[in-house]
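just need the structure, nothing else, for what follows:
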Amino acid sequence: MDGREIFLEADRQSGLGNHKKAHALLLKAEVRGFWPAQNSIGYVLDHGLGVRKNKRAAFHWYKKAARNGDLCAIGNLGLCYRDKGNERRALFWLRRAIKAGDGDSAFELAKLYARKRQNSRTLAKARRYLRLAIRSKSVTESSMDGARKVLRELERLDGSGREWVRRRLHGVREPKRSTGKR
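Below is the predicted model:
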């Protein structure tokens, strides 16, 4: 079996709930040169699926995948930096993912702007990125639905929408991509 076939089997095993086996297969696929497995290995480690949760190792795999141009990994690096509280680096990586076409990262960036200092400028940026997420060809259904809902609420509310956005988005953590879905 080549790396791609092993990766597809890992995705199948993950779907069946056999995460430990999926992790082993992902590592095997990566060793065989199938670099798209790198982001999935990071995801498995990030969420502790079949292995002990290891954020540091997950970050390493996301970075390795991002160097190979993996769109999801670029966005996942932004989410890692966001979770670490490093907003500057989170913005850098999320913007980079958006430039590459990632709609999920546009939704995440919109949420970051909506949580920042509540003023018309940051809310305008949030709206811009919400619209970008909705128009994106590379966006998960949950991110698109979330972006539509938040944008609808922002457009419905005037200045009072600022407090709603702060309450609605504070602490909401969207799941990162599941293994093998892209």
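
C-alpha only now, for contacts and for neighbours.
Noted.

where does pLDDT dip in the protein?
Across the chain, the ranges flagged by pLDDT under 70 are 117, 158-182.

can you map out the helices along it?
Applying DSSP state H to the chain gives helices spanning 3-15, 19-31, 37-47, 55-67, 71-84, 87-99, 103-115, 120-135, 141-156, 161-169.

which neighbouring elements make contact with the third one?
Translated: helix 37-47. helix 19-31, helix 55-67 (3 or more CA pairs under 8 Å, 6 or more residues apart in numbering; DSSP states H and E).

hmm, who's touching the last one?
Right, the one you point to is helix 55-67. 35-36, 38-39, 41-46, 72-74, 76-77, 80 (CA atoms under 8 Å, 6 or more residues apart in numbering).

tell me the domain boundaries of this protein?
As given by automatic domain parsing, the domain ranges for the chain are 1-68, 70-182.

so what's the gap between the first one and the chain middle?
Average the C-alpha atoms of domain 1-68, do the same for its chain, and the two points are 16 Å apart (CA atoms, centre = their mean, to the nearest Å).

kindly check the end-to-end length of that domain for me.
With CA to CA, to the nearest Å as the measure, domain 1-68 spans 22 Å from end to end.

residues near residue 59, how many?
Residue 59 has 21 neighbours, counted by other CA atoms under 10 Å.

residue 149 now?
That count, for residue 149 with other CA under 10 Å as the rule, works out to 12.

closest to residue 135 out of the contacts of helix 55-67?
Among those, residue 72 lies closest to residue 135 (CA to CA), at 17.5 Å.

report the contact partners of that closest one.
Residues in contact with residue 72 (CA under 8 Å, 6+ apart) are 39, 66, 97, 102, 177.

spatially nearest residue to residue 21 (excluding sequence neighbours)?
Using CA to CA, 6 or more residues apart in numbering and skipping residues adjacent in sequence, the residue nearest residue 21 is residue 13, 6.8 Å away.

hang on, that neighbour packs against residue 24?
No - if you go by CA atoms under 8 Å, residue 13 and residue 24 don't touch, sitting 10.4 Å apart.

quick check: phi and psi on the closest residue to residue 18 other than its chain neighbours?
Computed as CA to CA, 6+ apart, the closest residue to residue 18 that is not its neighbour in sequence is residue 50, at 7.4 Å. Residue 50 has phi and psi values of phi 80, psi 0 when expressed as degrees, to the nearest 10.

how close does residue 19 sit to residue 81?
According to CA to CA, residue 19 and residue 81 sit 25 Å apart.
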